Each structure stands twice: as structure tokens, then as C-alpha cells.
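[1] Give me a model of this one.
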Amino acid sequence: MSPPPLVLACDLGGSSFRAALIDAHGASVAEAAVPLEASVDAQGRSQTDPGRWWQALLDCVGALSARPGALLARVAGVAICGFTRTQVFLDRAGAPVHDALLWNDTRAEAQAQRLRERLAAAGEDASAVNAFHPLARLLWLHAHAPAAAARLHGMLEPKDYLNLRLCGAWASDRVSMAPATRLLAQLERLAPDASFALPPVPLPALHAPVACIGRVD
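    Below is the predicted model of the structure:
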């Protein structure tokens, strides 16, 4: 009789990357963690190379593979969650064109203000638009890193970037991308404004949060 399957559950947090092998009863069979760091400079900028998250995942899996019992051979699925309000800007091959802007980065406040003014002028609710909003940060990228913006193919959340590395799927869930999709719906209702032009928004395919998006390569 073959041993029961396990799920590799991963959590990308602000201070560490954690992974655990979970059985069918929800019990943790083995765990591993790798520390991560994030900081904010005097200008309110906080960014990191997304490759650090990928390496942290590999390090955790490596630690789990060293446990006795060939536990990784029992993995039937991978589930990843992580912090939000963070954008990963990628080219067509899935390589970052710019460091990821983290949840505590405020550099896009001027772009957020432009979005709020545009919405308020048309009587639309602008309360959810801030410097962490994905569209504000997209505008910042086009204004301050045009070479990176010219190569931009996709904009993903951190967990979605790791999923892309694992299985090649450009995908996210409707909850994570709700701020972007709601604002896009608002902007589409407005009359064209020659003074305000939003660049193409490279959102991925959206699925239910628990959907299976692909097989690990």
C-alpha cells in the first residue's frame, strides 16, 4: 500500500518564507522556513528582486527533501499564499523587468492622486485608490522606468510569480486582482479624457482562489 499523499503548502510572508507538508487531516508532517528582509528608505521606496522568493522556495524544498521518508515523493499538490499589495513586473519570458514594489512602498502616491482626481471629477468613488494600488504603480513604472515598461508583458502578485516559475501559467485569482479589475471597470464607465491616458494593463487570466492552474514542470 502506497503512503498517503501530501500537499506542499507555502506561505510567502514579509519576514520569512515558510513551507510545510500537510496530510489529508490537515496535520503538518514537516516544516521549513527561510528568513526574508524588507525595508523602506527615506523616500518611501521598498523593493526586492523576486528571484529571492524563488530561491527561498527552493531552499525550503531542499530542506524538506533532506527529511527521512522520501516525503517529497508523496506530494500531490502545491498551494501557495503570500502577502499582497505587491506587484511583480515581468517580460514575455517571465523575467522581471524591474524589482518588485513591496506592500509598504509609497512612491506611486502622485500617480494615485491622479487616479483619484480623475474618478472624483466624474463622481466615482476613489477611496480605494492609494500608493499601493496596482494601477498607480503601473503608471509609476511607465513614468519613471520607461525602458522596463516597454518590455512589460505581465503584472503578477508574488504568489502568482512563484506559480509561474513552477508551472508556466500566467494566472491569478479574482480576489487578489479585485482592486485592479474594480478600478478598470470604473474607468471604463468614464468619458474619454485627453489629459489622462492609462497604459495597457497586463492582467493575467483570473481563476477561483482554489483552482488548479497547471502542473509543476
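[2] who's in contact with the one residue sitting closest to the centre of the chain?
    Centroid-nearest residue in the chain: residue 157, 1.1 Å away (criterion: CA atoms, centre = their mean). By CB atoms under 8 Å, 6 or more residues apart in numbering, the contact list for residue 157 reads 82, 84, 86-88, 172, 176-177. To be clear about C-beta, it is placed using only N, CA and C from the backbone, and glycine gets the same treatment.
[3] Could you do residue 15 as well?
    Counted by CB under 8 Å, 6+ apart, residue 15 has contacts 35-38.
[4] same thing but 7 Å
    By CB atoms under 7 Å, 6 or more residues apart in numbering, the contact list for residue 15 reads 35-36.
[5] For stretch 5-25, output the C-alpha coordinates as PDB.
    Extracted C-alpha coordinates of stretch 5-25, given in PDB (Å, rounded to 0.1, in the frame of the first residue of the first chain):
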ATOM      1  CA  PRO A   5      -0.400  11.900  -0.400                       C
ATOM      2  CA  LEU A   6       0.800  15.300   1.000                       C
ATOM      3  CA  VAL A   7       0.300  18.900   0.000                       C
ATOM      4  CA  LEU A   8       3.300  21.200  -0.200                       C
ATOM      5  CA  ALA A   9       1.800  24.400   1.400                       C
ATOM      6  CA  CYS A  10       3.900  27.600   1.100                       C
ATOM      7  CA  ASP A  11       3.400  31.000   2.700                       C
ATOM      8  CA  LEU A  12       5.400  34.000   1.400                       C
ATOM      9  CA  GLY A  13       5.500  36.400   4.300                       C
ATOM     10  CA  GLY A  14       7.100  39.800   4.900                       C
ATOM     11  CA  SER A  15       9.800  38.400   7.200                       C
ATOM     12  CA  SER A  16      10.100  34.700   6.100                       C
ATOM     13  CA  PHE A  17       9.100  32.100   3.500                       C
ATOM     14  CA  ARG A  18       7.600  29.100   5.200                       C
ATOM     15  CA  ALA A  19       6.700  25.700   3.700                       C
ATOM     16  CA  ALA A  20       5.000  22.600   5.200                       C
ATOM     17  CA  LEU A  21       4.000  19.200   4.100                       C
ATOM     18  CA  ILE A  22       0.300  18.700   5.100                       C
ATOM     19  CA  ASP A  23      -1.500  15.400   5.200                       C
ATOM     20  CA  ALA A  24      -5.200  14.700   4.400                       C
ATOM     21  CA  HIS A  25      -6.200  15.500   8.000                       C
END
